[in-house]
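Q: From the sequence below, what's the structure:
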Amino acid sequence: MNGKTSPRSAVQEGVQVALVLVLAAVIVILPAGRRPVWDGNEARYALLARDILERGNWLVARLREEPYVYKPQLHFWLVTALSWPTGAVTPMTAALPSVLATVAATGGVIAVGRFLWGGTAGLLAGLIFTTSPLVFSVGHEALPDGPMDAWFVWALYALLRSVDGRGTLGPLLGFAACLAGALLTKGPPALTLLAAVAVTLTQVHRPPVLRLVVASAAACAVAALVWLAPYIYYASAQLGQGAIKGEYLAWFGRWSLHSRLASLYSPLFAFLPWTLLLVAAPWHWRSSPERGRRLVGVWTLALWMAIALAGRYRAKYLLPVLPGFALLTAEFVTARLDGAARTARRVMLVVTALVAGTGFVMMGIPALRSRVDIDNRSFLIEAPWEWIVCGLAVLLAVLALVVGARRNAATAAALVLAAAAGTILIVEGIAYPPRYARDFDVRPLAAAAAARVPPGGAVIGHPDVDLCYDIYLPGRRVREVLRPEDLTVELATGDAIIMPAARWRGLADALSPRWSVVAEGKVRGVPMTVLARRSPSP
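A: Residues are numbered from 1 along each chain as shown. A predicted model of the protein is given here:
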(Lines give C-alpha, C1' and ligand atoms only; values in the text may rest on other atoms or scores of the structure.)
Protein backbone atom coordinates (compact mmCIF):
# COMPACT_ATOMS: atom_id res chain seq x y z
CA MET A 1 0.00 0.00 0.00
CA ASN A 2 3.03 2.30 0.29
CA GLY A 3 5.33 3.67 -2.31
CA LYS A 4 8.87 2.51 -3.07
CA THR A 5 11.78 3.71 -0.96
CA SER A 6 15.31 4.58 -2.05
CA PRO A 7 18.10 2.01 -1.53
CA ARG A 8 19.70 4.19 1.14
CA SER A 9 16.49 4.63 3.11
CA ALA A 10 15.74 0.92 2.70
CA VAL A 11 19.08 0.04 4.31
CA GLN A 12 18.47 2.54 7.11
CA GLU A 13 15.02 1.13 7.74
CA GLY A 14 16.41 -2.40 7.69
CA VAL A 15 18.88 -1.46 10.42
CA GLN A 16 16.08 0.09 12.47
CA VAL A 17 13.94 -3.04 12.12
CA ALA A 18 16.91 -5.17 13.18
CA LEU A 19 17.41 -3.02 16.28
CA VAL A 20 13.76 -3.40 17.29
CA LEU A 21 13.98 -7.18 16.83
CA VAL A 22 17.18 -7.29 18.90
CA LEU A 23 15.42 -5.34 21.66
CA ALA A 24 12.52 -7.80 21.55
CA ALA A 25 14.94 -10.71 21.85
CA VAL A 26 16.90 -9.16 24.73
CA ILE A 27 13.76 -8.37 26.75
CA VAL A 28 12.48 -11.94 26.73
CA ILE A 29 15.71 -13.93 26.65
CA LEU A 30 17.14 -12.41 29.84
CA PRO A 31 14.70 -14.20 32.17
CA ALA A 32 14.25 -17.27 29.95
CA GLY A 33 15.38 -20.44 31.71
CA ARG A 34 16.68 -18.54 34.74
CA ARG A 35 13.73 -19.08 37.03
CA PRO A 36 12.69 -22.50 38.32
CA VAL A 37 9.86 -24.21 36.48
CA TRP A 38 6.78 -24.09 38.66
CA ASP A 39 3.77 -23.86 36.36
CA GLY A 40 2.52 -27.34 35.48
CA ASN A 41 1.68 -26.29 31.93
CA GLU A 42 5.26 -25.21 31.28
CA ALA A 43 6.56 -28.43 32.79
CA ARG A 44 4.21 -30.48 30.64
CA TYR A 45 5.68 -29.33 27.33
CA ALA A 46 9.24 -29.77 28.55
CA LEU A 47 8.48 -33.31 29.73
CA LEU A 48 6.79 -34.22 26.45
CA ALA A 49 9.86 -32.98 24.58
CA ARG A 50 12.06 -35.00 26.93
CA ASP A 51 10.05 -38.12 26.12
CA ILE A 52 10.52 -37.52 22.41
CA LEU A 53 14.22 -36.82 22.80
CA GLU A 54 14.90 -39.85 24.99
CA ARG A 55 12.45 -42.39 23.58
CA GLY A 56 11.62 -41.15 20.09
CA ASN A 57 7.86 -40.91 20.66
CA TRP A 58 7.38 -38.23 18.00
CA LEU A 59 3.78 -38.98 17.05
CA VAL A 60 2.30 -39.68 20.49
CA ALA A 61 4.52 -38.50 23.32
CA ARG A 62 3.95 -39.83 26.80
CA LEU A 63 3.55 -38.01 30.11
CA ARG A 64 4.12 -40.09 33.24
CA GLU A 65 3.87 -43.17 31.04
CA GLU A 66 0.45 -42.17 29.65
CA PRO A 67 -0.17 -41.13 26.02
CA TYR A 68 -0.65 -37.37 25.85
CA VAL A 69 -3.33 -36.34 23.34
CA TYR A 70 -4.64 -33.08 24.81
CA LYS A 71 -2.59 -30.71 22.65
CA PRO A 72 -1.08 -30.88 19.15
CA GLN A 73 2.55 -31.85 18.77
CA LEU A 74 4.18 -28.84 17.08
CA HIS A 75 5.20 -26.97 20.24
CA PHE A 76 6.94 -29.87 21.90
CA TRP A 77 8.47 -30.81 18.56
CA LEU A 78 10.05 -27.34 18.51
CA VAL A 79 11.30 -27.76 22.08
CA THR A 80 12.78 -31.12 21.09
CA ALA A 81 14.52 -29.68 18.03
CA LEU A 82 16.02 -26.80 20.02
CA SER A 83 17.14 -29.22 22.75
CA TRP A 84 18.74 -31.64 20.30
CA PRO A 85 22.20 -29.99 20.15
CA THR A 86 22.67 -30.30 23.93
CA GLY A 87 21.01 -33.70 24.17
CA ALA A 88 18.76 -32.64 27.05
CA VAL A 89 15.62 -30.59 27.59
CA THR A 90 16.35 -27.75 30.01
CA PRO A 91 14.24 -24.82 31.22
CA MET A 92 16.17 -22.67 28.76
CA THR A 93 15.62 -24.85 25.69
CA ALA A 94 11.96 -25.29 26.70
CA ALA A 95 11.52 -21.50 26.67
CA LEU A 96 13.35 -20.88 23.38
CA PRO A 97 10.28 -21.37 21.12
CA SER A 98 8.50 -18.59 23.00
CA VAL A 99 11.55 -16.33 22.77
CA LEU A 100 11.84 -16.87 19.02
CA ALA A 101 8.07 -16.48 18.60
CA THR A 102 8.16 -13.10 20.37
CA VAL A 103 10.77 -11.90 17.91
CA ALA A 104 8.74 -13.32 15.01
CA ALA A 105 5.52 -11.69 16.26
CA THR A 106 7.32 -8.37 16.63
CA GLY A 107 8.53 -8.72 13.05
CA GLY A 108 4.98 -9.46 11.94
CA VAL A 109 3.64 -6.36 13.68
CA ILE A 110 6.32 -4.26 11.99
CA ALA A 111 5.47 -5.83 8.61
CA VAL A 112 1.75 -5.07 8.97
CA GLY A 113 2.42 -1.49 10.10
CA ARG A 114 4.83 -0.85 7.21
CA PHE A 115 2.41 -2.34 4.70
CA LEU A 116 -0.49 -0.18 5.85
CA TRP A 117 1.03 3.10 7.04
CA GLY A 118 4.75 3.19 6.34
CA GLY A 119 8.04 2.49 8.07
CA THR A 120 7.69 4.84 11.04
CA ALA A 121 4.31 3.46 12.08
CA GLY A 122 5.57 -0.10 11.63
CA LEU A 123 8.68 0.43 13.75
CA LEU A 124 6.74 2.17 16.51
CA ALA A 125 4.10 -0.59 16.47
CA GLY A 126 6.85 -3.16 16.93
CA LEU A 127 8.30 -1.20 19.85
CA ILE A 128 4.89 -0.80 21.47
CA PHE A 129 4.15 -4.50 21.13
CA THR A 130 7.45 -5.74 22.52
CA THR A 131 7.36 -3.33 25.50
CA SER A 132 3.89 -4.45 26.63
CA PRO A 133 3.91 -6.30 29.99
CA LEU A 134 1.91 -9.31 28.78
CA VAL A 135 4.31 -9.87 25.89
CA PHE A 136 7.20 -9.88 28.35
CA SER A 137 5.37 -12.23 30.71
CA VAL A 138 4.42 -14.82 28.08
CA GLY A 139 7.49 -14.35 25.90
CA HIS A 140 9.86 -16.24 28.20
CA GLU A 141 7.47 -18.97 29.36
CA ALA A 142 7.67 -22.51 27.98
CA LEU A 143 4.10 -22.30 26.65
CA PRO A 144 2.54 -22.38 23.16
CA ASP A 145 0.67 -19.07 23.55
CA GLY A 146 3.55 -16.96 22.23
CA PRO A 147 4.11 -19.14 19.16
CA MET A 148 0.37 -19.13 18.38
CA ASP A 149 0.37 -15.33 18.60
CA ALA A 150 3.19 -15.19 16.05
CA TRP A 151 1.17 -17.36 13.65
CA PHE A 152 -1.83 -15.03 14.15
CA VAL A 153 0.17 -11.87 13.39
CA TRP A 154 1.59 -13.24 10.18
CA ALA A 155 -1.84 -14.58 9.23
CA LEU A 156 -3.13 -10.99 9.48
CA TYR A 157 -0.30 -9.82 7.24
CA ALA A 158 -1.05 -12.54 4.69
CA LEU A 159 -4.76 -11.73 4.82
CA LEU A 160 -4.13 -8.03 4.17
CA ARG A 161 -1.89 -8.88 1.24
CA SER A 162 -4.48 -11.30 -0.17
CA VAL A 163 -7.27 -8.70 -0.14
CA ASP A 164 -5.29 -5.78 -1.56
CA GLY A 165 -6.59 -6.59 -5.06
CA ARG A 166 -3.47 -8.10 -6.61
CA GLY A 167 -4.73 -11.68 -6.45
CA THR A 168 -1.32 -13.34 -6.06
CA LEU A 169 -1.06 -16.89 -4.78
CA GLY A 170 1.76 -16.26 -2.27
CA PRO A 171 -0.32 -14.49 0.42
CA LEU A 172 -2.98 -17.22 0.28
CA LEU A 173 -0.37 -19.92 0.76
CA GLY A 174 1.13 -17.88 3.58
CA PHE A 175 -2.25 -17.55 5.25
CA ALA A 176 -2.88 -21.29 4.95
CA ALA A 177 0.56 -22.04 6.44
CA CYS A 178 -0.10 -19.68 9.38
CA LEU A 179 -3.52 -21.21 10.09
CA ALA A 180 -2.08 -24.72 9.97
CA GLY A 181 0.81 -23.65 12.21
CA ALA A 182 -1.57 -22.10 14.75
CA LEU A 183 -3.75 -25.22 14.81
CA LEU A 184 -0.74 -27.49 15.24
CA THR A 185 0.57 -25.25 18.02
CA LYS A 186 -2.48 -25.03 20.27
CA GLY A 187 -5.40 -26.83 18.67
CA PRO A 188 -9.03 -25.59 18.83
CA PRO A 189 -8.24 -22.14 20.34
CA ALA A 190 -6.59 -21.34 17.00
CA LEU A 191 -10.02 -21.50 15.35
CA THR A 192 -10.67 -18.01 16.71
CA LEU A 193 -8.47 -16.97 13.81
CA LEU A 194 -11.23 -18.02 11.39
CA ALA A 195 -13.75 -15.91 13.30
CA ALA A 196 -11.46 -12.89 12.92
CA VAL A 197 -11.05 -13.58 9.20
CA ALA A 198 -14.80 -13.91 8.64
CA VAL A 199 -15.58 -10.63 10.39
CA THR A 200 -12.72 -8.79 8.67
CA LEU A 201 -13.91 -9.85 5.24
CA THR A 202 -17.19 -8.03 5.82
CA GLN A 203 -15.18 -4.81 5.53
CA VAL A 204 -13.62 -5.73 2.18
CA HIS A 205 -15.11 -4.85 -1.21
CA ARG A 206 -15.22 -8.03 -3.32
CA PRO A 207 -13.35 -10.23 -0.81
CA PRO A 208 -11.63 -13.39 -2.11
CA VAL A 209 -13.99 -15.56 -0.08
CA LEU A 210 -13.72 -18.72 -2.17
CA ARG A 211 -9.92 -18.67 -2.25
CA LEU A 212 -9.70 -18.09 1.51
CA VAL A 213 -12.21 -20.84 2.20
CA VAL A 214 -10.17 -23.27 0.11
CA ALA A 215 -6.94 -22.17 1.79
CA SER A 216 -8.52 -22.52 5.25
CA ALA A 217 -9.96 -25.94 4.45
CA ALA A 218 -6.59 -27.14 3.17
CA ALA A 219 -4.85 -25.83 6.30
CA CYS A 220 -7.36 -27.54 8.59
CA ALA A 221 -6.99 -30.81 6.65
CA VAL A 222 -3.20 -30.75 6.91
CA ALA A 223 -3.37 -29.92 10.61
CA ALA A 224 -5.87 -32.70 11.26
CA LEU A 225 -3.74 -35.21 9.38
CA VAL A 226 -0.58 -34.35 11.31
CA TRP A 227 -2.23 -33.76 14.66
CA LEU A 228 -5.28 -36.00 14.99
CA ALA A 229 -4.48 -39.00 12.80
CA PRO A 230 -1.69 -40.38 15.04
CA TYR A 231 -3.76 -39.76 18.16
CA ILE A 232 -6.76 -41.57 16.69
CA TYR A 233 -4.62 -44.50 15.59
CA TYR A 234 -2.57 -44.95 18.76
CA ALA A 235 -4.78 -43.55 21.53
CA SER A 236 -8.36 -43.14 20.32
CA ALA A 237 -9.92 -43.78 23.74
CA GLN A 238 -7.83 -41.09 25.45
CA LEU A 239 -8.54 -38.67 22.60
CA GLY A 240 -12.30 -39.18 22.66
CA GLN A 241 -13.03 -39.30 26.36
CA GLY A 242 -10.10 -37.32 27.70
CA ALA A 243 -9.23 -34.62 25.17
CA ILE A 244 -12.40 -33.95 23.18
CA LYS A 245 -15.03 -34.56 25.84
CA GLY A 246 -13.11 -33.88 29.03
CA GLU A 247 -10.90 -31.03 27.79
CA TYR A 248 -12.14 -29.15 24.73
CA LEU A 249 -15.91 -29.39 25.10
CA ALA A 250 -15.70 -28.84 28.85
CA TRP A 251 -13.35 -25.90 28.37
CA PHE A 252 -15.62 -24.12 25.90
CA GLY A 253 -18.55 -24.76 28.22
CA ARG A 254 -16.95 -23.07 31.23
CA TRP A 255 -18.88 -19.83 31.11
CA SER A 256 -19.13 -17.32 33.93
CA LEU A 257 -19.93 -13.62 34.03
CA HIS A 258 -16.79 -12.82 36.03
CA SER A 259 -14.61 -14.67 33.52
CA ARG A 260 -16.17 -12.84 30.58
CA LEU A 261 -15.79 -9.45 32.24
CA ALA A 262 -12.15 -10.19 33.06
CA SER A 263 -11.54 -11.12 29.43
CA LEU A 264 -13.00 -7.80 28.34
CA TYR A 265 -11.05 -5.43 30.56
CA SER A 266 -7.78 -7.27 31.25
CA PRO A 267 -6.17 -6.61 27.83
CA LEU A 268 -6.32 -2.90 28.58
CA PHE A 269 -4.31 -3.43 31.77
CA ALA A 270 -1.95 -5.81 29.99
CA PHE A 271 -1.29 -3.10 27.39
CA LEU A 272 -0.07 -0.47 29.85
CA PRO A 273 1.57 2.05 29.54
CA TRP A 274 0.12 2.40 26.03
CA THR A 275 -3.54 1.97 26.92
CA LEU A 276 -4.37 5.66 27.39
CA LEU A 277 -3.06 6.56 23.94
CA LEU A 278 -5.16 3.77 22.46
CA VAL A 279 -8.24 5.03 24.33
CA ALA A 280 -7.79 8.46 22.73
CA ALA A 281 -7.50 7.06 19.20
CA PRO A 282 -11.28 7.01 18.40
CA TRP A 283 -11.25 10.82 18.13
CA HIS A 284 -8.93 10.32 15.16
CA TRP A 285 -10.90 7.43 13.71
CA ARG A 286 -14.15 9.38 13.59
CA SER A 287 -12.66 12.38 11.81
CA SER A 288 -10.45 10.44 9.41
CA PRO A 289 -11.81 7.02 8.30
CA GLU A 290 -9.15 4.78 6.76
CA ARG A 291 -9.40 1.29 5.27
CA GLY A 292 -6.30 -0.30 6.79
CA ARG A 293 -7.15 0.94 10.27
CA ARG A 294 -10.68 -0.37 9.90
CA LEU A 295 -9.43 -3.83 8.89
CA VAL A 296 -6.98 -4.04 11.80
CA GLY A 297 -9.61 -2.74 14.21
CA VAL A 298 -12.26 -5.22 13.13
CA TRP A 299 -9.75 -8.08 13.20
CA THR A 300 -8.66 -7.16 16.72
CA LEU A 301 -12.18 -6.70 18.03
CA ALA A 302 -13.31 -10.03 16.54
CA LEU A 303 -10.39 -11.86 18.18
CA TRP A 304 -11.04 -10.11 21.46
CA MET A 305 -14.72 -11.07 21.54
CA ALA A 306 -14.12 -14.63 20.30
CA ILE A 307 -11.51 -15.29 22.98
CA ALA A 308 -13.66 -13.66 25.67
CA LEU A 309 -16.68 -15.80 24.81
CA ALA A 310 -14.83 -19.11 24.58
CA GLY A 311 -13.72 -20.99 27.66
CA ARG A 312 -12.40 -19.65 30.92
CA TYR A 313 -10.29 -16.56 31.43
CA ARG A 314 -6.52 -16.56 31.61
CA ALA A 315 -4.49 -13.46 30.82
CA LYS A 316 -2.20 -15.27 28.38
CA TYR A 317 -5.18 -16.26 26.22
CA LEU A 318 -5.63 -12.60 25.24
CA LEU A 319 -2.13 -12.19 23.86
CA PRO A 320 -3.40 -12.24 20.20
CA VAL A 321 -5.28 -9.00 20.89
CA LEU A 322 -2.12 -7.01 21.63
CA PRO A 323 -0.66 -6.84 18.08
CA GLY A 324 -3.81 -5.03 16.93
CA PHE A 325 -3.64 -2.70 19.92
CA ALA A 326 -0.01 -1.89 19.10
CA LEU A 327 -0.79 -1.23 15.43
CA LEU A 328 -3.76 1.03 16.15
CA THR A 329 -1.81 2.97 18.79
CA ALA A 330 1.19 3.45 16.50
CA GLU A 331 -1.01 4.70 13.66
CA PHE A 332 -2.68 7.20 16.00
CA VAL A 333 0.62 8.46 17.38
CA THR A 334 2.33 8.89 13.99
CA ALA A 335 -0.65 10.31 12.06
CA ARG A 336 -0.98 13.99 11.20
CA LEU A 337 -3.94 15.19 13.24
CA ASP A 338 -6.05 18.29 13.44
CA GLY A 339 -8.80 19.53 15.72
CA ALA A 340 -10.20 17.35 18.46
CA ALA A 341 -8.02 14.35 17.60
CA ARG A 342 -4.84 16.39 17.97
CA THR A 343 -6.03 17.81 21.28
CA ALA A 344 -6.98 14.32 22.53
CA ARG A 345 -3.53 13.00 21.68
CA ARG A 346 -1.77 15.84 23.47
CA VAL A 347 -3.97 15.44 26.53
CA MET A 348 -3.38 11.70 26.67
CA LEU A 349 0.37 12.14 26.39
CA VAL A 350 0.22 14.24 29.56
CA VAL A 351 -2.18 11.83 31.27
CA THR A 352 0.14 8.92 30.40
CA ALA A 353 3.00 10.86 31.99
CA LEU A 354 0.95 11.44 35.15
CA VAL A 355 -0.12 7.80 35.36
CA ALA A 356 3.44 6.55 34.80
CA GLY A 357 4.91 8.82 37.44
CA THR A 358 2.15 8.19 39.98
CA GLY A 359 2.26 4.45 39.41
CA PHE A 360 6.01 4.31 40.01
CA VAL A 361 5.70 6.29 43.26
CA MET A 362 2.86 4.06 44.46
CA MET A 363 5.04 0.99 43.95
CA GLY A 364 7.13 2.15 46.90
CA ILE A 365 4.23 2.35 49.37
CA PRO A 366 4.59 -0.63 51.76
CA ALA A 367 0.84 -0.95 52.37
CA LEU A 368 0.21 -1.35 48.65
CA ARG A 369 3.16 -3.68 48.07
CA SER A 370 1.95 -5.98 50.85
CA ARG A 371 -1.34 -6.48 49.02
CA VAL A 372 0.31 -8.00 45.96
CA ASP A 373 -0.38 -11.75 45.81
CA ILE A 374 2.43 -14.27 45.93
CA ASP A 375 2.14 -15.11 42.24
CA ASN A 376 3.09 -11.55 41.24
CA ARG A 377 5.24 -10.53 44.20
CA SER A 378 8.50 -11.35 42.45
CA PHE A 379 7.88 -8.61 39.86
CA LEU A 380 8.09 -5.88 42.53
CA ILE A 381 11.44 -4.14 42.33
CA GLU A 382 13.53 -4.31 45.50
CA ALA A 383 17.24 -3.60 45.10
CA PRO A 384 18.48 0.02 45.18
CA TRP A 385 19.98 -0.28 41.70
CA GLU A 386 16.59 -1.35 40.33
CA TRP A 387 14.90 1.68 41.89
CA ILE A 388 17.56 4.00 40.48
CA VAL A 389 17.52 2.63 36.91
CA CYS A 390 13.74 2.29 36.72
CA GLY A 391 13.21 5.67 38.39
CA LEU A 392 15.45 7.41 35.86
CA ALA A 393 13.66 5.63 33.02
CA VAL A 394 10.25 6.73 34.31
CA LEU A 395 11.47 10.31 34.86
CA LEU A 396 12.82 10.46 31.32
CA ALA A 397 9.57 9.09 29.92
CA VAL A 398 7.49 11.58 31.91
CA LEU A 399 9.57 14.52 30.68
CA ALA A 400 9.45 13.30 27.09
CA LEU A 401 5.68 12.85 27.19
CA VAL A 402 5.08 16.32 28.62
CA VAL A 403 7.46 18.01 26.17
CA GLY A 404 6.05 15.95 23.32
CA ALA A 405 2.55 17.10 24.18
CA ARG A 406 3.58 20.77 24.26
CA ARG A 407 5.51 20.62 20.99
CA ASN A 408 3.18 18.22 19.22
CA ALA A 409 6.02 15.69 18.93
CA ALA A 410 4.02 12.59 19.73
CA THR A 411 6.21 10.16 17.78
CA ALA A 412 9.39 11.25 19.53
CA ALA A 413 7.65 11.07 22.93
CA ALA A 414 6.40 7.58 22.16
CA LEU A 415 9.88 6.43 21.16
CA VAL A 416 11.28 7.66 24.49
CA LEU A 417 8.41 5.96 26.33
CA ALA A 418 9.19 2.72 24.50
CA ALA A 419 12.86 3.02 25.43
CA ALA A 420 11.92 3.59 29.08
CA ALA A 421 9.48 0.68 29.12
CA GLY A 422 12.07 -1.54 27.47
CA THR A 423 14.65 -0.53 30.09
CA ILE A 424 12.29 -1.41 32.92
CA LEU A 425 11.50 -4.79 31.36
CA ILE A 426 15.21 -5.51 30.94
CA VAL A 427 15.71 -4.73 34.63
CA GLU A 428 12.82 -7.06 35.46
CA GLY A 429 14.31 -9.77 33.27
CA ILE A 430 17.58 -9.57 35.18
CA ALA A 431 16.23 -9.20 38.70
CA TYR A 432 12.93 -11.03 39.03
CA PRO A 433 13.97 -14.69 38.43
CA PRO A 434 15.93 -14.93 41.74
CA ARG A 435 12.96 -13.41 43.59
CA TYR A 436 10.67 -15.90 41.87
CA ALA A 437 12.88 -18.73 43.12
CA ARG A 438 12.32 -17.67 46.73
CA ASP A 439 8.66 -18.62 46.48
CA PHE A 440 8.53 -21.29 43.77
CA ASP A 441 11.78 -23.23 43.83
CA VAL A 442 11.13 -26.99 43.92
CA ARG A 443 14.72 -27.84 42.98
CA PRO A 444 16.08 -28.44 46.52
CA LEU A 445 13.18 -30.75 47.34
CA ALA A 446 13.54 -32.62 44.05
CA ALA A 447 17.30 -32.90 44.53
CA ALA A 448 16.83 -34.38 48.00
CA ALA A 449 14.42 -36.97 46.59
CA ALA A 450 16.66 -37.77 43.60
CA ALA A 451 19.65 -38.33 45.91
CA ARG A 452 17.77 -41.15 47.64
CA VAL A 453 16.06 -42.69 44.62
CA PRO A 454 18.14 -44.66 42.13
CA PRO A 455 17.52 -44.21 38.39
CA GLY A 456 14.33 -46.04 37.54
CA GLY A 457 13.06 -45.75 41.10
CA ALA A 458 9.76 -44.22 42.14
CA VAL A 459 8.98 -40.97 43.91
CA ILE A 460 5.54 -40.87 45.53
CA GLY A 461 3.54 -37.66 45.63
CA HIS A 462 0.79 -37.43 48.23
CA PRO A 463 -1.85 -36.26 47.70
CA ASP A 464 -0.31 -35.10 44.46
CA VAL A 465 2.96 -33.76 43.16
CA ASP A 466 3.02 -31.23 40.37
CA LEU A 467 4.68 -31.91 37.03
CA CYS A 468 7.34 -29.32 37.83
CA TYR A 469 8.99 -31.87 40.13
CA ASP A 470 9.37 -34.28 37.21
CA ILE A 471 11.60 -31.75 35.45
CA TYR A 472 14.15 -32.06 38.25
CA LEU A 473 13.77 -35.81 38.74
CA PRO A 474 15.20 -37.14 35.46
CA GLY A 475 15.25 -40.90 35.19
CA ARG A 476 12.85 -41.33 38.12
CA ARG A 477 9.19 -42.30 37.98
CA VAL A 478 6.73 -40.02 39.74
CA ARG A 479 3.46 -41.49 40.99
CA GLU A 480 0.57 -39.70 42.66
CA VAL A 481 -1.31 -41.24 45.59
CA LEU A 482 -4.50 -39.38 46.31
CA ARG A 483 -5.89 -41.36 49.27
CA PRO A 484 -3.99 -42.02 52.52
CA GLU A 485 -5.22 -45.61 52.62
CA ASP A 486 -3.44 -46.31 49.32
CA LEU A 487 -0.07 -45.23 50.68
CA THR A 488 0.78 -48.57 52.28
CA VAL A 489 0.45 -50.34 48.93
CA GLU A 490 2.30 -47.72 46.88
CA LEU A 491 5.14 -47.25 49.34
CA ALA A 492 6.18 -50.85 48.89
CA THR A 493 7.71 -49.86 45.57
CA GLY A 494 8.47 -46.21 46.32
CA ASP A 495 11.81 -44.88 47.49
CA ALA A 496 10.87 -41.32 48.49
CA ILE A 497 7.76 -39.30 49.28
CA ILE A 498 7.03 -35.64 48.62
CA MET A 499 4.07 -34.24 50.55
CA PRO A 500 2.91 -31.11 52.38
CA ALA A 501 4.27 -30.90 55.92
CA ALA A 502 0.71 -30.79 57.26
CA ARG A 503 0.04 -34.18 55.68
CA TRP A 504 3.20 -35.62 57.20
CA ARG A 505 2.14 -34.52 60.67
CA GLY A 506 -1.07 -36.47 60.24
CA LEU A 507 0.70 -39.60 58.97
CA ALA A 508 3.88 -39.49 61.05
CA ASP A 509 2.77 -42.13 63.53
CA ALA A 510 1.99 -44.60 60.76
CA LEU A 511 5.06 -43.89 58.61
CA SER A 512 7.77 -42.83 61.04
CA PRO A 513 9.06 -46.35 61.83
CA ARG A 514 10.18 -46.74 58.23
CA TRP A 515 10.39 -43.18 56.87
CA SER A 516 12.22 -40.05 57.99
CA VAL A 517 12.32 -36.43 56.89
CA VAL A 518 15.34 -35.67 54.68
CA ALA A 519 14.40 -32.19 53.38
CA GLU A 520 11.94 -29.39 54.07
CA GLY A 521 11.07 -26.19 52.29
CA LYS A 522 8.28 -23.84 51.23
CA VAL A 523 6.81 -23.76 47.75
CA ARG A 524 4.28 -21.00 47.04
CA GLY A 525 4.00 -20.48 50.77
CA VAL A 526 3.15 -24.12 51.53
CA PRO A 527 5.63 -26.05 53.75
CA MET A 528 6.69 -29.22 51.94
CA THR A 529 8.48 -32.33 53.19
CA VAL A 530 10.61 -34.99 51.51
CA LEU A 531 10.68 -38.40 53.18
CA ALA A 532 13.02 -41.30 52.54
CA ARG A 533 13.26 -44.82 53.88
CA ARG A 534 15.20 -45.19 57.09
CA SER A 535 18.41 -47.12 56.84
CA PRO A 536 18.09 -50.55 58.48
CA SER A 537 19.63 -50.78 61.95
CA PRO A 538 23.01 -52.60 62.07
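
Q: Give me the next element, helix or strand, following the helix or strand of the chain with the lowest mean pLDDT.
A: Ranked by mean pLDDT, DSSP states H and E, the weakest helix or strand in the chain is helix 250-252, scoring a mean of 61. Sequence-wise, the next helix or strand downstream of helix 250-252 (DSSP states H and E) is helix 257-270.

Q: and residue 491, what are its phi and psi?
A: phi -70, psi -10 (degrees, to the nearest 10).

Q: got the contact list for it?
A: Contact partners of residue 491, counting by C-beta atoms under 8 Å, 6 or more residues apart in numbering, are 460, 497, 511, 514, 515. Glycine gets a C-beta too; all of them are placed from N, C-alpha and C.

Q: Which of those are buried? Put it as a ChimeraX command.
A: Buried residues among the contacts of residue 491 (16 or more other C-beta atoms under 10 Å), as a ChimeraX selection:
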select :460,497,511,515
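
Q: JSON lines for the contacts of residue 491, including secondary structure, distance to residue 229 and pLDDT?
A: Formatted as JSON lines, those follow (DSSP: H, G, I helix; E, B strand; the rest coil; distance: C-beta to C-beta, whole Å; pLDDT from 0 to 100):
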{"residue": "460", "secondary structure": "strand", "distance to residue 229": "37", "pLDDT": "93"}
{"residue": "497", "secondary structure": "strand", "distance to residue 229": "41", "pLDDT": "93"}
{"residue": "511", "secondary structure": "helix", "distance to residue 229": "47", "pLDDT": "76"}
{"residue": "514", "secondary structure": "coil", "distance to residue 229": "49", "pLDDT": "81"}
{"residue": "515", "secondary structure": "strand", "distance to residue 229": "47", "pLDDT": "87"}
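
Q: now, among the contacts of residue 491, which is nearest to residue 521?
A: The nearest member of these to residue 521, counting by C-beta to C-beta, is residue 497 at 14.4 Å.

Q: Might one say that that closest one is in contact with residue 531?
A: Yes: in this structure, residue 497 is within contact of residue 531 by C-beta atoms under 8 Å, at 4.2 Å.

Q: Between the two, which contacts overlap?
A: If you check residue 497 and residue 531 against C-beta under 8 Å, 6+ apart, the residues they both contact are 511, 515.

Q: Confirm residue 527 sits in a helix?
A: No: per DSSP: H, G, I helix; E, B strand; the rest coil, residue 527 lies outside any helix segment and is strand.

Q: so how far is residue 376 from it?
A: From residue 527 over to residue 376 the distance is 22 Å, taken as C-beta to C-beta, to the nearest Å.

Q: now residue 365
A: Between residue 365 and residue 376 the distance is 16 Å, computed by C-beta to C-beta.

Q: Distance from the chain centre to the longest helix along the chain, please.
A: Longest helix of the chain, by residue count under DSSP state H: helix 410-440. Taking C-alpha atoms, centre = their mean, to the nearest Å, one finds helix 410-440 lying 16 Å from the centre of the chain it belongs to.

Q: next helix or strand past it?
A: helix 443-451.

Q: Could you pull up the mean pLDDT of that next one?
A: Helix 443-451 shows a mean pLDDT of 95.

Q: For that helix, which residues meet the burial criterion?
A: 443, 444, 445, 446, 448, 449, 450.

Q: Which strand residues bridge the spatially closest residue to the fifth one that is not a sequence neighbour?
A: What it means is residue 448. Here the nearest residue to residue 448 in space, its sequence neighbours aside, is residue 519; by C-beta to C-beta, 6 or more residues apart in numbering that works out to 3.4 Å. Beta bridges link residue 519 to residue 530 when assigned by DSSP bridges.

Q: what residue ranges in the stretch 401-538 of the chain score low on pLDDT?
A: 535-538 (pLDDT under 70).

Q: what kind of secondary structure is residue 522 in?
A: Residue 522 - assigned by three-state DSSP - is strand.

Q: burial count for it?
A: A total of 14 residues lie near residue 522 under the criterion other C-beta atoms under 10 Å.

Q: burial count for the nearest residue to it once chain neighbours are set aside?
A: Excluding the flanking residues, the one nearest residue 522 by C-beta to C-beta, 6+ apart is residue 528, at 6.8 Å. The number of residues packed near residue 528 is 22, by other C-beta under 10 Å.

Q: list the contacts for residue 528?
A: Residue 528 touches 445, 498, 499, 500, 501, 520, 521, 522, counting by C-beta under 8 Å, 6+ apart.

Q: Also residue 327?
A: Applying C-beta under 8 Å, 6+ apart, the residues near residue 327 are 109, 112, 113, 116, 121, 125, 296, 300.

Q: what's the closest non-adjacent residue to the second one?
A: When you say that, I think you mean residue 112. That would be residue 157: by C-beta to C-beta, 6+ apart, it lies 5.0 Å from residue 112.

Q: Could you do the third one as well?
A: Leaving out its chain neighbours, the residue that sits closest to residue 113 by C-beta to C-beta, 6+ apart is residue 122, at 3.1 Å.
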